[in-house]
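**Student:** Any chance you can model this:
(2 chains)
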Amino acid sequence: SQQGEEDPQALSIQEGENATMNCSYKTSINNLQWYRQNSGRGLVHLILIRSNEREKHSGRLRVTLDTSKKSSSLLITASRAADTASYFCATDAGGSEKLVFGKGTKLTVNP
Amino acid sequence: EAGVVQSPRYKIIEKKQPVAFWCNPISGHNTLYWYRQNLGQGPELLIRYENEEAVDDSQLPKDRFSAERLKGVDSTLKIQPAELGDSAVYLCASSSGTGFTKNIQYFGAGTRLSVL
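**Tutor:** Residues are numbered from 1 along each chain as shown, chains lettered A, B, ... in the order given. I've put the predicted structure just below:
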């Protein structure tokens, strides 16, 4: 079963705009990660946020975590066509070493 | 440093035929994962290895799926016999370290299986 649910399922924006994706999960976590998957490729780790952190930045990425609402968001600023991909959140499902992925948000950035 | 290598990239077989996938993890990574990813879904864990020991195979359909990781490095995942519903992308990932860093996984490009 999949723990996380990303919202929206699909998002289409113009280059230069910001993209925001949300993730909700069900059980307590120690950390939450975001991964990117380009079409026909494997997943690439983007950022990890621990349960005691509320916000984290990495380049054009900003991730927030609200453990009281069991939700996280990924913001990509000044998007580029190369950001076109599917984005998945993954949780450690109660602190286990097993990652549980959501269904993903498919982002299309139009040039 | 080479990433996780999987082969083949694509495989087309007829139902009831056997199929095998191979994975070479990042050098030094003790933990290896096999996932199945259906179209439009996130990856779902099939089996996790710590070195050569399978520590979580609860999601592996053991009637037709088998896996091994001899010598704690390369791994193979086998399906015999394949069914139409097995069509998916099979992803291999590896990780290392301790604590929360161990949760960061590095994925191969996957094997896309089509069962006709």
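**Student:** residues contacting A:Ala49?
**Tutor:** To be clear, residue A:49 is Ile; Ala isn't right here. A:31-33, A:55-56, A:63-65, A:72 (CB atoms under 8 Å, 6 or more residues apart in numbering or on different chains). C-beta here means a position set from N, CA and C on the backbone, and glycine is covered the same way.
**Student:** cool, and A:Thr77?
**Tutor:** A:Thr77 neighbours (CB under 8 Å, 6+ apart): A:18, A:60-62.
**Student:** next one: A:Leu43
**Tutor:** Contacts of A:Leu43 (CB under 8 Å, 6+ apart): A:35-37, A:88, B:43, B:91, B:93, B:105, B:107.
**Student:** near chain A, anything from the least confident helix or strand in chain B by mean pLDDT?
**Tutor:** Least confident helix or strand of chain B, by mean pLDDT, DSSP states H and E, is strand B:53-56 with a mean of 92. Yes. Applying CB under 8 Å from any CB of the partner chain, one finds strand B:53-56 in contact with chain A at B:Asp56.
**Student:** next one: that strand to chain centre, how far?
**Tutor:** 13 Å (CA atoms, centre = their mean, to the nearest Å).
**Student:** got it, and stretch B:104-116?
**Tutor:** The mean C-alpha position of stretch B:104-116 is separated from the chain mean by 7 Å, CA atoms, centre = their mean.
**Student:** can you tell me the distance between the two ends of that stretch?
**Tutor:** End-to-end distance of stretch B:104-116 (CA to CA, to the nearest Å): 35 Å.
**Student:** What are the buried residues along that stretch?
**Tutor:** B:104-113, B:115 (16 or more other CB atoms under 10 Å in any protein chain shown).
**Student:** Restricting to these, which residues neighbour chain A?
**Tutor:** Within those, those near chain A by CB under 8 Å from any CB are B:104-110, B:112.
**Student:** correct me, but A:Lys26 touches A:Ser71?
**Tutor:** No. A:Lys26 is beyond contact range of A:Ser71, at 10.9 Å (criterion: CB atoms under 8 Å).
**Student:** Tell me the residues that contact both of those two, please.
**Tutor:** Common neighbours of A:Lys26 and A:Ser71 (CB under 8 Å, 6+ apart) do not exist.
**Student:** that older thread, of the ones next to chain A among the buried residues of stretch B:104-116, which is the nearest to B:Arg48?
**Tutor:** Set against B:Arg48, the nearest of these by CB to CB is B:Gln105 (10.1 Å).
**Student:** got the contact list for the closest one?
**Tutor:** B:Gln105 sits in contact with A:43, A:45, A:99, B:33, B:93-95, where contact means CB under 8 Å, 6+ apart.
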